[in-house]
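Engineer: next input, structure requested:
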Amino acid sequence: MIRQKLLYSIIVIALVLGTIFLSSSTPVAFLRSGIILIFRPVFRVSYALGRTVGFSMQQPGADDLSRLQEENQRLREIEQEYTMLREKDAGLEKMVGLKERQHVPLQGGRVLLRGNELGKEFLMLDEGTAKKIRQGDLAIDARGALIGVVRETSDGFSKISLASNPGEAFEIVVAPLNVKALAKGIGNRTFSLELISNDTPVRSGDFALMPGRLGNTNMLVGEITRLTSNVVGAFQNVWATLIAHPETLDEVFIVLE
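Structural biologist: Below is the predicted model:
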């Protein structure tokens with residue numbers, strides 16, 4: 001009995017709705033417009049909800065996710081290459097400016113080989129005596145930081161000993177105090193800065209510089225990373241780290257003497 005009543009109610013509602021929405025008579029059209037106007041917000045919400053649900057159901061497949069991840073990785077690599085090129089261009093521009101403004105004789109060379117012989121690091125370049133490179137010339141990077149000294153050379157190559165290798169030594173000043181000292185290489189990209197008295201207020205983070213080797217520009221050598229007072233002697237124990245990073249270099253500049 002209840003099912004029959006429910007069925008009759010559904011049939012009546014369907015007939016009424018069909019008459020309202022399918023009939024073209026004026027009264028019915030007026031009634032239809034009123035119903036639509038009243039329930040328009042509900043229709044809009046239902047439509048928007050349907051679009052949202054439908055969109056959320058369209059999940060990307062495994063191939064799409066893989067393709068998006070590959071494109072994202074490729075964009076990151078392009079961004080990194082662009083950043084490296086900008087830094088390299090800025091360094092080359094600085095070297096060109098240094099060469100032109102202060103008339104510093106420089107000769108560039110590409111790094112062919114990096115090596116280590118009995119604890120002494122070296123770089124091999126593709127330029128040599130044919131480009132007026134001589135033993136004893138200093139090698140710097142694009143920032144003007146000291147890399148090392150040319151110890152062997154021939155027509156088509158030069159071998160650079162890193163400045164921090166044992167046996168290498170340079171007269172330097174410690175900035176900002178302009179205190180004179182001697183930087184001796186002790187290996188492992190480290191210098192021992194000697195002849196700095198105990199009463200000289202040097203600090204970690206101060207720089208060791210070679211003045212007068214790049215025109216009016218000081219050549220960067222190292223950064224002080226550790227120091228201790230010497231209770232026995234008159235001089236402090238001071239250590240500095242090589243500023244240049246030879247392992248990252250593709251090109252080196254030789255300061256021609």
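
Engineer: helix/strand/coil for residue 76?
Structural biologist: helix (DSSP: H, G, I helix; E, B strand; the rest coil).

Engineer: so, low pLDDT: which residues of the stretch 1-150 of the chain?
Structural biologist: Scanning the stretch 1-150 of the chain with the threshold set as pLDDT under 70 gives 1-62, 81-103.

Engineer: can we see that at 50?
Structural biologist: The model of the stretch 1-150 of the chain has pLDDT under 50 over residues 21, 28, 43, 47, 53, 55-57, 92, 95-96, 101.

Engineer: got the residue ranges for the helices in the protein?
Structural biologist: Using DSSP state H, the helices of the chain run over residues 2-22, 26-57, 62-101.

Engineer: just the terminal-to-terminal distance for stretch 212-220.
Structural biologist: Terminal residues of stretch 212-220 lie 11 Å apart, using Cα to Cα, to the nearest Å.

Engineer: hmm, residue 209 is touching residue 177, no?
Structural biologist: No. Counting by Cβ atoms under 8 Å, residue 209 does not reach residue 177; the two are 11.2 Å apart. Heads up, the C-betas are built off the backbone N, CA and C, glycines and all.

Engineer: who has more neighbours, those two?
Structural biologist: Set side by side, residue 209 and residue 177 give different neighbour counts by other Cβ atoms under 10 Å, the larger being at residue 209 (22 against 13).

Engineer: who's in contact with residue 203?
Structural biologist: By Cβ atoms under 8 Å, 6 or more residues apart in numbering, the residues touching residue 203 are 224, 227.

Engineer: same deal with residue 234?
Structural biologist: Shown in contact with residue 234 (Cβ under 8 Å, 6+ apart): 197-198.

Engineer: from residue 171, how far off is it?
Structural biologist: 19 Å (Cβ to Cβ, to the nearest Å).

Engineer: what do you get for residue 158?
Structural biologist: To residue 171, residue 158 is 23 Å away according to Cβ to Cβ.
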